[in-house]
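Asker: quick one, fold the following:
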Amino acid sequence: MLVVGLTGGMASGKSVVSKTLKELGLSIIDADLIAREMVRPCEVGYQEIVDHFGKGILNPDQTINRRRLAKIIFTDARERERLNSILHPRIVKEIKKRIQGFKERGEKIVIVDAALLIEAGQLSLVNKLIVVTVSPKIQIKRLAQRNHLTEKEARERIATQMPLSEKVKLADHVIDNSRSVKKTIKRTKEVYNQLRLTITNKKE
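Answerer: Sure thing, here's the model as predicted:
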């Protein structure tokens with residue numbers, strides 16, 4: 001089975017690529033969705049987060065207010081590291097479990113969609129890496145609009161991740177999302193065909 005990492009940066013357009021690959025029939029392991037599951041009120045990770053960050057990060061229904069938590073972790077590196085230390089080991093464990101499940105089911109290609117795959121030191125989980133990139137100017141503009149941030153806030157948040165230019169150096173496949181969605185989808189389909197070819201060549 002070919003395990004393919006899909007990563008990028010904030011507002012780089014990774015979700016468009018992931019959606020397209022799913023529509024093409026590939027199974028997706030979404031690290032962000034797993035993280036959301038880990039912080040549900042019934043989960044152990046939830047209690048650790050609330051114990052550390054306080055009840056001020058909670059909504060009236062006791063769920064975690066992601067916007068409030070983000071404001072804390074993106075202005076304090078130590079707090080960001082603390083959150084990562086709570087979540088990352090659990091997320092990685094769940095990703096490994098799901099990879100094994102897909103392998104047992106006979107899947108040919110599985111996508112691990114994870115924004116912090118490289119930063120978390122988990123490249124060994126995958127055989128190939130797709131990096132979705134975008135120009136810094138467009139990335140800042142998109143993030144500011146999407147998350148209702150100032151340009152300065154958007155720059156600061158992007159600066160907490162490895163630069164896309166560095167991630168691209170580690171990629172087996174690069175998808176540039178600086179232009180239209182149509183072109184991004186077209187490029188994603190090209191990468192999909194290359195992945196299928198990799199599987200075929202392995203068999204030979």
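Asker: checking residue 175 next. Helix, strand or coil?
Answerer: Assigned with DSSP: H, G, I helix; E, B strand; the rest coil, residue 175 falls in the strand class.
Asker: one more: residue 90?
Answerer: helix.
Asker: pLDDT value on it, please?
Answerer: With respect to pLDDT, residue 90 scores 94.
Asker: find the nearest non-adjacent residue to residue 176, please.
Answerer: Ranked by C-beta to C-beta, 6 or more residues apart in numbering and with sequence neighbours excluded, the top spatial neighbour of residue 176 is residue 133, at 5.5 Å. For the C-beta atoms, the positions are set from N, CA and C on the backbone; glycine is no exception.
Asker: mind listing what's buried in stretch 99-112?
Answerer: By 16 or more other C-beta atoms under 10 Å, the buried positions in stretch 99-112 come out as 99, 102, 108, 109, 110, 111, 112.
Asker: so who does the last one touch?
Answerer: Yep, that's residue 112 we're talking about. 3, 4, 5, 6, 29, 31, 95, 99, 125, 126 (C-beta atoms under 8 Å, 6 or more residues apart in numbering).
Asker: cross the residues you listed against helices and list the overlap.
Answerer: Within those, residues falling in helices by DSSP state H are 31, 95, 99.
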